[in-house]
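Undergrad: Need coordinates for the below:
(one chain, ligands or ions: 2)
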Amino acid sequence: TRVGVLISGTGTNLQALMEQTKRTSSSAEIVVVISNQPGVLGLKRASLAGIQTRVVDHKLYGSRAEFDGTIDHVLEEFDVEVVCLAGFMRILTGSFVRKWNGKLLNIHPSLLPSFKGVNAQKQALQAGARVSGCTVHFVAEEVDAGAIIAQEAVPVLMNDTEESLSDRIREAEHRAFPAALELVAGGGVRLGDDGRIIWNPNA
Ligand SMILES: Nc1nc2ccc(CNc3ccc(C(=O)NCCCC(=O)O)cc3)cc2c(=O)[nH]1
Ligand SMILES: N[C@@H]1O[C@H](COP(=O)(O)O)[C@@H](O)[C@H]1O
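TA: Residues are numbered from 1 along each chain as shown. Ligands and ions are numbered 1, 2, ... in the order given. You can find the predicted model right below:
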């Protein structure tokens with residue numbers, strides 16, 4: 001399965017996905033990395049791994065539709081079949097999400113449906129949660145509301161700060177996202193027409 005990864009920054013999730021898809025056992029191959037920000041570390045990580053990169057700078061587009069349309073054009077150019085949002089921080093338009101429905105995965109740093117949106121780790125701390133974690137989900141038009149593919153829980157410790165909790169969640173992300181990508185790429189999981197997860201017991 002040909003995979004495109006969309007990033008906005010550091011790319012630690014991209015790094016985990018690249019390491020997983022390099023394995024001979026993997027059903028997935030990352031064929032392009034697209035960033036909406038120029039010069040980010042994630043682009044260097046991809047180049048070091050010999051993966052093609054493109055920058056689609058959202059500041060250069062008059063509308064979200066044109067920005068998303070350009071990203072879509074690059075994904076088609078590379079014959080991408082599955083798209084992973086790995087620290088990608090732009091909301092995608094409904095038409096883009098509908099076109100890639102069931103083929104678009106995102107990693108979120110909380111146990112959805114709790115703590116949607118940005119600063120999820122801070123929300124968990126402020127709520128006094130004793131457990132948090134990460135969620136990999138199919139992307140739906142409604143932000144952070146898509147069908148859940150994989151989750152991993154982590155403890156919230158007494159002296160946790162937003163940074164220490166984020167670091168612990170990120171370690172879980174680096175396991176959950178590669179595992180979820182293999183499930184989707186290998187046909188173990190797909191999105192039903194009703195928007196719910198369908199598990200293939202034989203995959
Ligand atoms: N339609 C759809 N698109 C998404 C795009 C990115 C992410 C990644 N997680 C994200 C969740 C929230 C945001 C956010 O609210 N950023 C501040 C506004 C940035 C902007 O103006 O664009 C960004 C990424 C998830 C989704 C999703 O669930 N549905
Ligand atoms: N989606 C969120 O973006 C953050 C940065 O990810 P990365 O750029 O290090 O992969 C991660 O915490 C992830 O949950």
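
Undergrad: For Val156, list the residues it contacts.
TA: 124-125, 129-132, 165 (Cβ atoms under 8 Å, 6 or more residues apart in numbering). Just so you know, the C-beta spots here come from the backbone N, C-alpha and C atoms, and that holds for glycine as well.

Undergrad: Show me what counts as buried in stretch 33-43.
TA: For stretch 33-43, burial by neighbour count (16 or more other Cβ atoms under 10 Å) applies to 33-37, 40, 42-43.

Undergrad: mind giving me TSV with these and columns for distance to ligand 2 and pLDDT?
TA: Formatted as TSV, the buried residues of stretch 33-43 follow (distance: Cβ to the nearest ligand atom, whole Å; pLDDT from 0 to 100):
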residue	distance to ligand 2	pLDDT
Val33	11	98
Ile34	13	98
Ser35	10	98
Asn36	12	98
Gln37	10	97
Val40	8	98
Gly42	6	98
Leu43	11	98
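
Undergrad: Among the residues you listed, name the ones in strands.
TA: Using DSSP state E to define strands, the subset of the buried residues of stretch 33-43 located there is 33-35.

Undergrad: Could you pull out the strands in the protein for me?
TA: According to DSSP E, the strands that the chain contains are 2-7, 29-35, 52-55, 82-85, 104-108, 131-138, 148-155, 189-191, 197-199.

Undergrad: what about the third one, average pLDDT?
TA: Meaning strand 52-55. Strand 52-55 shows a mean pLDDT of 98.

Undergrad: Check the offset of it from the chain's centre.
TA: Mean-position distance between strand 52-55 and its chain equals 17 Å (Cα atoms, centre = their mean, to the nearest Å).

Undergrad: re the thing from before, output the ones in strands among the buried residues of stretch 33-43 as CSV; include the columns distance to Glu152.
TA: What follows is these, written out as CSV (distance: Cβ to Cβ, whole Å):
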residue, distance to Glu152
Val33, 24
Ile34, 26
Ser35, 26
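
Undergrad: Out of the buried residues of stretch 33-43, which is nearest to ligand 1?
TA: The closest of those to ligand 1 turns out to be Asn36 (Cβ to the nearest ligand atom; 9.2 Å).

Undergrad: Verify the contact between the closest one and His58 for me.
TA: Yes - using Cβ atoms under 8 Å, Asn36 makes contact with His58 at a distance of 4.8 Å.

Undergrad: which parts of the chain sit against ligand 2?
TA: 9-14, 86-87, 107, 109, 170, 173 (Cβ under 6 Å from any ligand atom).

Undergrad: since we're on Ala28, how many residues are nearby?
TA: Neighbour count for Ala28, taken as other Cβ atoms under 10 Å: 21.

Undergrad: leaving aside the residues next to it on the chain, what's closest to it?
TA: Ala185 (3.9 Å; Cβ to Cβ, 6 or more residues apart in numbering).

Undergrad: Give the full set of residues in contact with the one residue in the chain that gets nearest to ligand 2.
TA: Sorted by distance to ligand 2 under Cβ to the nearest ligand atom, the residues of the chain start with Gly87, at 2.7 Å. Residues in contact with Gly87 (Cβ under 8 Å, 6+ apart) are 7-14, 42, 107.

Undergrad: Return the distance of stretch 64-79 from the chain's centre.
TA: Worked out by Cα atoms, centre = their mean, stretch 64-79 lies 17 Å from the chain centre.
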